[in-house]
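Q: Dropping a prediction and its sequence here:
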Amino acid sequence: MNLATLLRAPRRMASETIIKTIDGQEWIEETAKPLQKAVRHAFVGPAGRELKNFLHGTWLGHPLHPVLTDIPVGAWTAALALDALESISGRKECGSAADLAIGVGLLGAIGSAITGVTDWSEIDGRARKIGLVHGALNVVSTTLYAMSFFMRKGRRTRSSGVALSMLGFAIASSAAYLGGHLTFGEQIGVDHTATADATKPEKFKRVLKADELKENKPTRVEAEGVAVLLVKRGDRIFALTETCPHLGGPLSEGKLVGDAIQCPWHGSELALEDGHVVNGPTTFPARCFDVRVRAGNIEVRAARPGEK
Ligand code: FES
């Protein structure tokens, strides 16, 4: 057994213990549910919906939260290095630069918190609990950094302010660990259709008799093992991937809202025409299929834009 293998086992055990411990806390779930509801209700009316979409990052085609988390993480890491440089070299300008970096990090933390809470309001199960702990740790670290920012201004309180920022860094790092787990372990913020083979079915495959598809009734079919959503509207038939890109919800169990299908799990709306995101929380579009009717049968294949 080599050194890497020896080190991997305790690291994995520690990680599993942390996640299992959080998952075992029922009080976190009881706190999280009403909190999530309150966050969702804070976005009122069409303007609230637009704001929510913006905070999720539907305009970016990617969640906005991880973009903003880089600001406090980067700025506070720089502050730590600058504080260390000041204590080694005695150069006061390093300390001033550290103060500035902490201020920049605090501004970034505000945006990061708002987008994070918005994304968190639309997740369930174990990820909801981990997300709440992640957020609580970030609140504690940001509070410590805010106190540090002001204490650094006083000659007598400066060294305590620097110590507080070190403690804040340790807590922010723990929060970042859980944030990483949410993405890589719980698959929050990733495209849940990304691993599907986008070339399948390569050729048109028969999936349903045309007269069995009811007007405005979202219907699930399969083509070469790929789940496809069919929607008939007048003389047009739309075909989209049946899996919601947000967290994998079954779109065929959703409802039609205008020219979009609304996911039954968290309400993402995806355009029937081309799969673009009409409303989040998903920031990823739905994949579309070419569809045609031949000899009374509906056939679909992987979309080939511009070719029928
Ligand atoms: S799974 Fe969350 S909106 Fe579809």
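A: Arrived safely, thanks for sending.

Q: buried sites along stretch 207-217?
A: Across stretch 207-217, burial judged by 16 or more other C-beta atoms under 10 Å covers 207-208, 213. C-beta: built from backbone N, CA, C; applies to glycine.

Q: And it, end to end?
A: 16 Å (C-alpha to C-alpha, to the nearest Å).

Q: so how far is that stretch off the chain centroid?
A: Centroid separation between stretch 207-217 and its chain, computed with C-alpha atoms, centre = their mean, to the nearest Å, is 34 Å.

Q: now stretch 197-207, how far from the chain's geometric center?
A: Taking mean C-alpha positions (C-alpha atoms, centre = their mean), stretch 197-207 and its chain are 29 Å apart.

Q: Enumerate the residues of the chain near the ligand.
A: With C-beta under 6 Å from any ligand atom as the criterion, the chain meets the ligand at residues 244, 246-249, 263, 265-268, 281-282.

Q: And those residues, which two are furthest apart?
A: The distance between the two most remote of the residues of the chain next to the ligand (C-beta to C-beta) is 14.6 Å, for G248 and G267.

Q: Which positions in stretch 14-21 come out as buried?
A: Burial within stretch 14-21, assessed by neighbour count using 16+ other C-beta under 10 Å, is assigned to 18-19.

Q: same question, stretch 47-54
A: For stretch 47-54, using 16+ other C-beta under 10 Å, the buried residues are 51-53.

Q: Run through this protein and note the low-pLDDT ranges.
A: Applying pLDDT under 70 to the chain picks out residues 1, 3, 6-7, 9, 11, 306-308.

Q: backbone phi and psi for F238, please?
A: With angles defined as degrees, to the nearest 10, F238 sits at phi -110, psi 140.

Q: Any figure for the gap between E186 and the ligand?
A: Using C-beta to the nearest ligand atom, to the nearest Å, we find E186 at a distance of 13 Å from the ligand.

Q: I figured that residue hits D124, correct?
A: No - taking contacts as C-beta atoms under 8 Å, E186 lies outside contact range of D124: 10.3 Å.

Q: Now intersect the buried residues of stretch 207-217 with the strands, please.
A: In strands, defined here by DSSP state E, the members of the buried residues of stretch 207-217 are 207-208.

Q: related to what we said a few turns ago, between G248 and G267, which one's more packed in?
A: Comparing G248 with G267 by other C-beta atoms under 10 Å, the one with more neighbours is G267, at 19 against 14.

Q: So what does the residue nearest to that one when sequence neighbours are not counted look like in phi/psi?
A: Once flanking residues are discounted, G267 sits nearest to N279: 7.0 Å by C-beta to C-beta, 6 or more residues apart in numbering. Backbone torsions of N279, given as degrees, to the nearest 10, read phi -140, psi 140.

Q: Check the one 3 residues further on too.
A: Summarising the backbone geometry of T282 under the convention degrees, to the nearest 10, its torsions are phi -60, psi 150.

Q: got the contact list for it?
A: 56, 58, 244-246, 263, 268, 270 (C-beta atoms under 8 Å, 6 or more residues apart in numbering).

Q: Mind doing that once more with 6 Å?
A: Applying C-beta atoms under 6 Å, 6 or more residues apart in numbering to T282 gives the contacts 245-246, 268.
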